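[1] structure for the following, please:
(one chain, ligands or ions: 4)
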Amino acid sequence: MANTLYYCSDTDSSLPSELQHLMPLFFSTKAGSARNHHGQVKVQESLISKTNSQVQAKDDNSPVTVADWSVQATVSWILSETLGSRSVAIVAEEDVQTLSKPDSAGLLEAVVQTVNDCLAEAPRFGLKAPGTILGSTEVLEAISHCNSAGGPSGRFWALDPVDGTLGFVRGDQYAVALALIEDGEVVLGVLGCPNYPMRKEWLSYHHRYHRIISKLTPPTSESWDKGCVIYARRGSGEAWMQPLIQGHKKLVWPNSATPVRVSTVENPALATFCEPVEKANSSHSFTAGLAHSVGLRKQPLRVYSMVKYAAIARGDAEVFMKFARAGYKEKIWDHAAGVLIIQEAGGVVTDAGGCPLNFSKGMYLEGLDRGIIACAGVKLHEKIIKAVDASWNSSSL
Ligand SMILES: Nc1ncnc2c1ncn2[C@@H]1O[C@H](COP(=O)(O)OS(=O)(=O)O)[C@@H](OP(=O)(O)O)[C@H]1O
Ligand SMILES: [Mg+2]
Ligand SMILES: [Mg+2]
Ligand SMILES: [Mg+2]
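    Numbering: from 1, shown residues only. Ligands and ions are numbered 1, 2, ... in the order given. Now for the predicted structure:
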């Protein structure tokens, strides 16, 4: 994650100056002493190689890991240190309930260790490391500081420390997502995608991704084979991508961020649509029907996490659709950063009724009409919105 805030150089006018100082944050979650591995990457590898004792189930049965809490603590600590804890409001996914239980001592210890390992790297990215090692109280405080309720006025951050936790524990795609929301509007979006492959064809290797990538690319490789940070500022009309910096390379300013742009493909027959991997998170049968009626001919690209938003912004896919089961309320941290990045990269994101997503109603996307549709261009978007209306009544959603 350490690599995510880094891409903004002094010459990058797309960010306010106070935020430029924060960019190294996303590049600085390198944990431990393992070379050539970022912190989350290291945690991901250790989770895959061990029994899953450090993967916990939440009340809704979704997974949470050392990485989710560690990233939340690290981002919260750095935002507070940099901007002042009293002026920083954060809405984030994780809480400290499980971690604070007496029988979670081992888990908490692992989180504290990971956070300290990450923060020790902060000076490499131009950020201040803690004067002394953080203890469990300070780490728990950093996590629980993320207690903003969001809402229509003022400024707050929306953080998903690990989006696609299921992908993360399966050695697959995941993202770290941070957005800044001002008076209900997303003004800054950052997506750290540590496993985003340099070659877009590899995006579809889900489940087998980890094995394939590690076979094809030796872990000591200093070249960019996977991982990027994508970011955008509202109104700039630009979105940027910075490859993750591998290994202990000296960091160079200005950085090597390059602009990304959505695909120009307008013909549905040539377009790729992506959707969640899990049927439980989005109806695959409804989107299959939609795809057929719109003329999308390619197999769906099923990818974990907000990497789907990154894929649209980079032009690696043209459509993203998510139709959760009735009654599920989408959370703002699952979408804010990705929506802004696609819009600034030239794309369109709305609910299935064609309305913009509303980030001003607290932690949920209240009033969302049926589902989310993100497209590279208006023509594809219009076709899909029309097709949703035509198919909806005959669906059982
Ligand atoms: N039932 C249900 N329906 C819809 N969405 C749900 C549901 N349960 C969880 N979530 C949220 O989905 C986030 C993961 O979305 P993905 O698009 O990555 O889904 S998938 O893992 O590819 O299937 C996931 O984000 P993370 O928890 O950060 O991984 C959840 O916030
Ligand atoms: Mg999420
Ligand atoms: Mg998450
Ligand atoms: Mg989760």
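[2] does residue 337 touch residue 178 like I think?
    Yes. Counting by CB atoms under 8 Å, residue 337 touches residue 178, with 6.1 Å between them. (Glycine included, C-beta is placed from N, CA and C.)
[3] shared neighbours of these two, anything?
    With contacts defined as CB atoms under 8 Å, 6 or more residues apart in numbering, the residues shared by residue 337 and residue 178 are 158, 189, 190.
[4] is the helix or strand that contains the second one anywhere near ligand 3?
    In this structure, residue 189 is located in strand 185-197 according to DSSP states H and E. No. No part of strand 185-197 sits close enough to ligand 3 to count as contact by CB under 5 Å from the ion; the gap is at least 12.5 Å.
[5] quick check: can you name the pairing partners of that strand and their directions?
    If you go by DSSP bridges, strand 185-197 pairs up with strand 175-182 (antiparallel), strand 226-233 (antiparallel).
[6] gap between the helix or strand just after the last one and the chain center?
    It refers to strand 226-233. Next in sequence after strand 226-233, counting helices and strands by DSSP H and E, comes strand 239-243. Its chain's average C-alpha position is 14 Å from that of strand 239-243, according to CA atoms, centre = their mean, to the nearest Å.
[7] now stretch 155-168
    On CA atoms, centre = their mean, the centre of stretch 155-168 falls 6 Å from that of its chain.
[8] same deal with stretch 376-386?
    Worked out by CA atoms, centre = their mean, stretch 376-386 lies 24 Å from the chain centre.
[9] and if you look at stretch 282-289?
    On the basis of CA atoms, centre = their mean, stretch 282-289 sits 23 Å off its chain's mean C-alpha point.
[10] mind listing what's buried in that stretch?
    Burial within stretch 282-289, assessed by neighbour count using 16 or more other CB atoms under 10 Å, is assigned to 282, 283, 284, 286, 287, 289.
[11] what's the answer for stretch 122-136, then?
    In stretch 122-136, counting by 16+ other CB under 10 Å, buried: 122, 124, 125, 126, 127, 129, 134.
[12] next one: residue 135 from residue 280, what distance?
    For residue 135, the distance to residue 280 (CB to CB, to the nearest Å) stands at 38 Å.
[13] stretch 275-294 close to ligand 1?
    Yes. Against ligand 1, stretch 275-294 shows contacts by CB under 6 Å from any ligand atom at 276, 277, 278, 280, 281.
[14] with stretch 349-369 instead?
    No. Using CB under 6 Å from any ligand atom, stretch 349-369 never reaches ligand 1; the gap is at least 10.9 Å.
[15] looking at the stretch 201-350 of the chain, what residue ends up closest to ligand 2?
    Nearest residue of the stretch 201-350 of the chain to ligand 2: residue 334, at 4.2 Å (CB to the ion).
[16] hang on, that residue packs against residue 163?
    Yes. Between residue 334 and residue 163 there is a contact under CB under 8 Å: 6.3 Å.
[17] about what we covered before: out of the buried residues of stretch 282-289, which is nearest to ligand 4?
    Distance to ligand 4 across those (CB to the ion) is lowest for residue 282, with 15.3 Å.
[18] surely that closest one is in contact with residue 275?
    Yes. Counting by CB under 8 Å, residue 275 is a contact partner of residue 282 at 5.5 Å.
[19] which residues are in contact with each of these two?
    Taking CB under 8 Å, 6+ apart as the contact rule, residue 282 and residue 275 both touch 321, 322.
[20] how many neighbours does residue 300 have?
    Counted by other CB atoms under 10 Å, the residues lying close to residue 300 total 20.
[21] tell me the contacts of residue 275?
    Here residue 275 is in contact with 282, 284, 287, 300, 301, 302, 308, 320, 321, 322 (criterion: CB under 8 Å, 6+ apart).
[22] what residue ranges in the stretch 251-397 of the chain score low on pLDDT?
    For the stretch 251-397 of the chain, the stretches flagged by pLDDT under 70 are 251-254, 396-397.
[23] on that earlier part again, would you single out the least confident of the strands paired with strand 185-197?
    Note on the strands paired with strand 185-197: strand 226-233 shows the lowest mean pLDDT, a mean of 94.
[24] now it - C-alpha only, PDB.
    Taking Å, rounded to 0.1, in the frame of the first residue of the first chain, the C-alpha atoms of strand 226-233 are listed here in PDB:
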ATOM      1  CA  LYS A 226       2.300  -5.900 -11.700                       C
ATOM      2  CA  GLY A 227       0.900  -3.300  -9.400                       C
ATOM      3  CA  CYS A 228      -0.200   0.300  -9.900                       C
ATOM      4  CA  VAL A 229      -1.800   3.200  -8.200                       C
ATOM      5  CA  ILE A 230      -4.400   5.100 -10.100                       C
ATOM      6  CA  TYR A 231      -5.600   8.500  -9.000                       C
ATOM      7  CA  ALA A 232      -7.700  11.500 -10.100                       C
ATOM      8  CA  ARG A 233      -8.800  14.800  -8.900                       C
END
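[25] can you report how many residues lie near the closest residue in space to residue 178 that isn't next to it in sequence?
    Counting by CB to CB, 6 or more residues apart in numbering, residue 178 lies nearest to residue 190, which is 4.7 Å off, once chain neighbours are set aside. The tally of other residues near residue 190 (other CB under 10 Å) stands at 30.
[26] what pairs with residue 190 across the strands?
    Partner residues in beta bridges with residue 190, using DSSP bridges, are residue 178, residue 231.
[27] that one against residue 233, yeah?
    No. The pair residue 190 / residue 233 is not scored as a contact, 9.9 Å apart, by CB under 8 Å.
[28] which non-adjacent residue is nearest residue 311?
    The nearest residue in space to residue 311 (CB to CB, 6+ apart) is residue 317, at 4.4 Å.
[29] should've said residue 295
    Spatial nearest neighbour of residue 295, excluding adjacent residues (CB to CB, 6+ apart): residue 268 at 3.9 Å.
[30] quick one: the one you found from residue 56, how far?
    42 Å.
[31] with neighbour numbers in mind, choose between these two.
    More crowded of residue 268 and residue 56, by other CB under 10 Å: residue 268, with 21 against 17.
[32] so what's the more buried one up against?
    294, 295, 296, 297, 380, 383.
[33] got the phi and psi for the first one?
    I take that to be residue 294. Here is the backbone geometry of residue 294 (degrees, to the nearest 10): phi -90, psi -20.
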